[in-house]
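Asks: please find the sequence and the predicted model below.
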Amino acid sequence: MQDIVVFGAGGHSKVIIDIIEREGKYSIIGLIDNYNRAESHFGYHILTDEIEVIMNNVYGGIIAIGDNWSRHVITDEIKSINPNFRFVSCISPNSCIAREVEIGEGSAIMAGAVINSSTRIGKHCIINSNSSIDHDNIIGDFVSIAPNVTTGGNVIVGDHTAVGLGTNVIHRINIGCNTVIGAGSTVIRDIGSYVVAYGIPCKVVRKRNKEDKYL
């Protein structure tokens, strides 16, 4: 197995670590987290010394942080240290990935997720537990699809957008970039960029900035 590091030592990282262990493709040599002062997390050492040396000597790594914009910022920081750093994806053996599905680097596909044919998942995305992404979807970079989300066919979700728990998105809907769709919504018409929207039917409630926290 090839050695990797995991960036992040919070709750989300536990899910990522579990998938990596179940896949059996990579060996985690440790975690990198500037904010967690513990010595270890979920059975793995939190690395504090010679981080750049470690990053230059592993096969790659994955960012295990739930917030979309934070993942983007950390990606840029890693690339500033090592422009050639390899980001790996993790795909739960208990997910269902159909033919002609593309999954970008650094993305995580959780247990129970279904991704149907000819869908494209961007870089550094989170497709969460028991979500269902139907055929011919285009999911942008740094997107998070929460547990139990269902999308119809030919849905487009823009970069950095978060679709909340249990949301339903009907066929051929476009959702813009840097948008948050609140939990339990039903999206029956297009939603623009840089907004918070929720409800049944889903409606825009207010504007938001790309760095605004939503978790």
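Replies: Looks like it arrived, so ask away.

Asks: so what's the nearest residue to V149 once chain neighbours are set aside up against?
Replies: Spatially, and ignoring its direct neighbours in sequence, V149 is nearest to S131 (4.4 Å; C-beta to C-beta, 6 or more residues apart in numbering). From N, CA and C alone the C-beta is placed, and that goes for glycine too. With contacts defined as C-beta atoms under 8 Å, 6 or more residues apart in numbering, S131 is in contact with 110, 112-114, 145-150.

Asks: now with 7 Å?
Replies: By C-beta atoms under 7 Å, 6 or more residues apart in numbering, the contact set of S131 is 113, 145, 147-149.

Asks: mind putting those residues into a markdown table with neighbour count?
Replies: A markdown table is the format used below for the contacts of S131 (neighbours: other C-beta atoms under 10 Å):
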| residue | neighbour count |
| --- | --- |
| A113 | 24 |
| I145 | 30 |
| P147 | 16 |
| N148 | 18 |
| V149 | 25 |
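
Asks: tell me which of these fall in helices.
Replies: Assigned to helices by DSSP state H, none of those qualify.

Asks: distance-wise, check H160 relative to K14.
Replies: As judged by C-beta to C-beta, to the nearest Å, H160 and K14 stand 23 Å apart.

Asks: so for the two, which residue has more residues nearby?
Replies: Taking other C-beta atoms under 10 Å, H160 and K14 do not tie; H160 has more neighbours (26 against 15).

Asks: residues contacting the more buried one?
Replies: 68-69, 72, 142-143, 177-178, 210.

Asks: pick the one among the residues you listed closest to N82.
Replies: N82 has its nearest neighbour among the contacts of H160 in H72, at 16.8 Å by C-beta to C-beta.

Asks: what's the helix or strand for that closest one?
Replies: Assessed by DSSP states H and E, H72 sits inside helix 68-81.

Asks: name the strands paired with the helix or strand following that helix and say parallel or antiparallel.
Replies: Sequence order places strand 90-91 as the next helix or strand after helix 68-81, per DSSP H and E. Sheet pairing for strand 90-91, assigned by DSSP bridges, gives strand 108-109 (parallel).

Asks: contacts for the strand it pairs with next, please.
Replies: Strand 108-109 has contacts (C-beta under 7 Å, 6+ apart) with 16, 19, 89-92, 95, 103, 126-127.

Asks: once you drop chain neighbours, what's closest to I126?
Replies: Setting aside the residues directly before and after it, I126 is nearest to S144 in space (C-beta to C-beta, 6+ apart), at 4.2 Å.
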